[in-house]
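J.: Could you work out the structure for the sequence below:
(chains A and B)
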Amino acid sequence: EDQVTQSPEALRLQEGESSSLNCSYTVSGLRGLFWYRQDPGKGPEFLFTLYSAGEEKEKERLKATLTKKESFLHITAPKPEDSATYLCAVGGNTGKLIFGQGTTLQVKP
Amino acid sequence: DTEVTQTPKHLVMGMTNKKSLKCEQHMGHRAMYWYKQKAKKPPELMFVYSYEKLSINESVPSRFSPECPNSSLLNLHLHALQPEDSALYLCASSQSGGLSNQPQHFGDGTRLSIL
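T.: Residues are numbered from 1 along each chain as shown, chains lettered A, B, ... in the order given. This is a model prediction of the structure:
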């Protein structure tokens, strides 16, 4: 059964304190791994797609990496505006996205 | 600004009412999706339309009825809903359906409350 587990559930950082969010997955035939950001009362905002182990993508203070079993979202020198829930999702042979439970990030000034 | 537009943003309805949620995208995408999201939970897939045909129904109760009039529009017709149906309803689109190697782009949802 396809499964996605994100850790930690919640993360509190001071502004400028770098850290990483983890997304572990089991899927039959990985077609893509996706990271989203969701602000309260809004829909998920697409951030990155990763397709194969070793791939990396960057956008501003965010960097996503992928191995055969997990993905990391590294946040470098975060700012308060990076506070949000970050969702990881995988696409496999079913044609559907399987979402993790999300990591809620709070960055304090 | 999201490229998937959902209306209305908020909806309050009684259990005997009939209402519709609307979704529109102008990205030329050929797959559209309805999700339900409860507080502090990830989105749950309800329906998938691929090239204007229903391809996935995740065993959703018949009080939810989807419709795809054309490749840019997606509706969700609601009738005789229950209080537990209160949630954020999200619409998404992707370049083509049945291929989970493409990102889905989400609207900001309709916040639905059932009295």
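J.: Report the contact partners of whichever residue of chain A sits closest to chain B.
T.: Of all residues in chain A, A:G91 sits closest to chain B, at 2.6 Å by Cβ to the nearest Cβ. To be clear about C-beta, it is placed using only N, CA and C from the backbone, and glycine gets the same treatment. Listed by Cβ atoms under 8 Å, 6 or more residues apart in numbering or on different chains, the contact set of A:G91 reads A:27, A:30-34, A:97-98, B:99-102.
J.: helix, strand or coil for the nearest residue to it once chain neighbours are set aside?
T.: Once flanking residues are discounted, A:G91 sits nearest to B:S100: 2.6 Å by Cβ to Cβ, 6 or more residues apart in numbering or on different chains. With DSSP: H, G, I helix; E, B strand; the rest coil as the basis, B:S100 sits in coil.
J.: isn't B:S100 right next to A:A89, touching?
T.: No: look at B:S100 against A:A89 with Cβ atoms under 8 Å: they stay out of range, at 9.0 Å.
J.: Could you spell out the sheet neighbours of the worst-scoring helix or strand of chain A on mean pLDDT, each with its direction?
T.: Least confident helix or strand of chain A, by mean pLDDT, DSSP states H and E, is strand A:97-99 with a mean of 95. Using DSSP bridges, strand A:97-99 pairs in its sheet with strand A:84-91 (antiparallel).
J.: what are the C-alpha coordinates of the strand it pairs with, in CSV please?
T.: In CSV, the C-alpha atoms belonging to strand A:84-91 read as follows (Å, rounded to 0.1, in the frame of the first residue of the first chain):
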residue,chain,number,x,y,z
ALA,A,84,3.0,27.5,6.9
THR,A,85,2.1,23.9,6.7
TYR,A,86,4.3,22.0,4.2
LEU,A,87,2.7,19.0,2.5
CYS,A,88,4.5,16.2,0.7
ALA,A,89,2.7,14.0,-1.8
VAL,A,90,3.7,11.1,-4.0
GLY,A,91,2.3,9.9,-7.3
